[in-house]
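**Q** based on what follows, work out the 3D shape:
(2 chains)
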Amino acid sequence: AQKITQTQPGMFVQEKEAVTLDCTYDTSDPSYGLFWYKQPSSGEMIFLIYQGSYDQQNATEGRYSLNFQKARKSANLVISASQLGDSAMYFCAMGEGLSGSARQLTFGSGTQLTVLP
Amino acid sequence: GAVVSQHPSWVICKSGTSVKIECRSLDFQATTMFWYRQFPKQSLMLMATSNEGSKATYEQGVEKDKFLINHASLTLSTLTVTSAHPEDSSFYICSARDLYRGISDTQYFGPGTRLTVL
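**A** Numbers count the residues shown, from 1 in each chain, chains lettered A, B, ... in the order given. Next up, the predicted model:
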């Protein structure tokens, strides 16, 4: 079974609008971390946001927020006020095990986001 | 902070030659570094986990004699693709985990190396 599923291969959003990128995960480990990364066409992976499995509140980082629904095993990324520079591939990833244990990451297949002017 | 560099950013080589890719954490110490491979339009696939001062742990299906990994210091890990063949052409990305960021243990990625084997 896929550990990380991103069902949207491509998404379009109008500039200045909000967009939600979906991510569901599958694990039996009670300890895990969820990460979102952005990969522009240049190739580098840019860390955006992190959510720990024991975190009570949804993570937020500037225009990025993570809609963490533990019972549904979903960790959707919400980008508010989209900008043209947000156009990129977005990857959801999960690391199983306790934080601090150098967890390996399993990546989803990615969502290509295009922001329209 | 948490900057990771990779060198070279791209390399073209002839079939049968070896290529070394360096991954450095510039402003933090990384006891653990990871090496990934990414084909066009695909996700990242973990190749190996590299721990400073010990042997790397390779994922299933990754030939350890072909992809030699050395993590000689807390800031440097190298990946050597030995006897490269055209099917080894890919985008190779390293990441490093900040030793002192034990809460989130986020991996910080290098800019990647695009390898083309002719």
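**Q** so which bits of chain B are right by chain A?
**A** B:31-32, B:34, B:42-44, B:46, B:49, B:51, B:91, B:93, B:95, B:97, B:102-112, B:114 (C-beta under 8 Å from any C-beta of the partner chain). For the C-beta atoms, the positions are set from N, CA and C on the backbone; glycine is no exception.
**Q** could you flag which of those residues are buried?
**A** Buried members of the residues of chain B next to chain A, counted by 16 or more other C-beta atoms under 10 Å in any protein chain shown: B:31-32, B:34, B:43-44, B:46, B:49, B:51, B:91, B:93, B:95, B:97, B:104-112.
**Q** pull the distance from stretch B:43-52 to the chain's centre.
**A** Distance of stretch B:43-52 from its chain centroid, counting by C-alpha atoms, centre = their mean, to the nearest Å, is 7 Å.
**Q** then stretch A:79-99?
**A** Stretch A:79-99 sits 4 Å away from the centroid of its parent chain (C-alpha atoms, centre = their mean).
**Q** so, low pLDDT: which residues of chain B?
**A** Applying pLDDT under 70 to chain B picks out residues B:1, B:99-104.
**Q** which residue is the nearest non-sequential neighbour of whichever residue of it sits closest to chain A?
**A** Closest approach between chain B and chain A, counting by C-beta to the nearest C-beta: B:Phe109, at 3.7 Å. In this structure, B:Phe109 finds its nearest non-sequential neighbour in A:Met45, 3.7 Å apart by C-beta to C-beta, 6 or more residues apart in numbering or on different chains.
**Q** wait, what's in contact with that neighbour?
**A** By C-beta atoms under 8 Å, 6 or more residues apart in numbering or on different chains, the contact list for A:Met45 reads A:Tyr37, A:Lys38, A:Gln39, A:Phe91, B:Leu44, B:Ile93, B:Ser95, B:Phe109, B:Gly112.
**Q** neighbouring contacts of the helix or strand hosting the fourth one?
**A** Translated: A:Phe91. Assigned by DSSP states H and E, A:Phe91 belongs to strand A:88-96. Contact with strand A:88-96 is made by A:3-4, A:6, A:21, A:23, A:25, A:27, A:29, A:31-41, A:45, A:48, A:75, A:77, A:103-108, A:110-113, B:43-44, B:105, as judged by C-beta under 8 Å, 6+ apart.
**Q** now do 6 Å
**A** Applying C-beta atoms under 6 Å, 6 or more residues apart in numbering or on different chains, the external contacts of strand A:88-96 come out as A:4, A:6, A:21, A:23, A:25, A:27, A:29, A:32-40, A:103, A:105-108, A:110-113.
**Q** show me which residues of stretch B:14-32 are buried.
**A** Buried residues in stretch B:14-32 (16+ other C-beta under 10 Å): B:Val19, B:Ile21, B:Glu22, B:Cys23, B:Arg24, B:Ser25, B:Phe28, B:Ala30, B:Thr31, B:Thr32.
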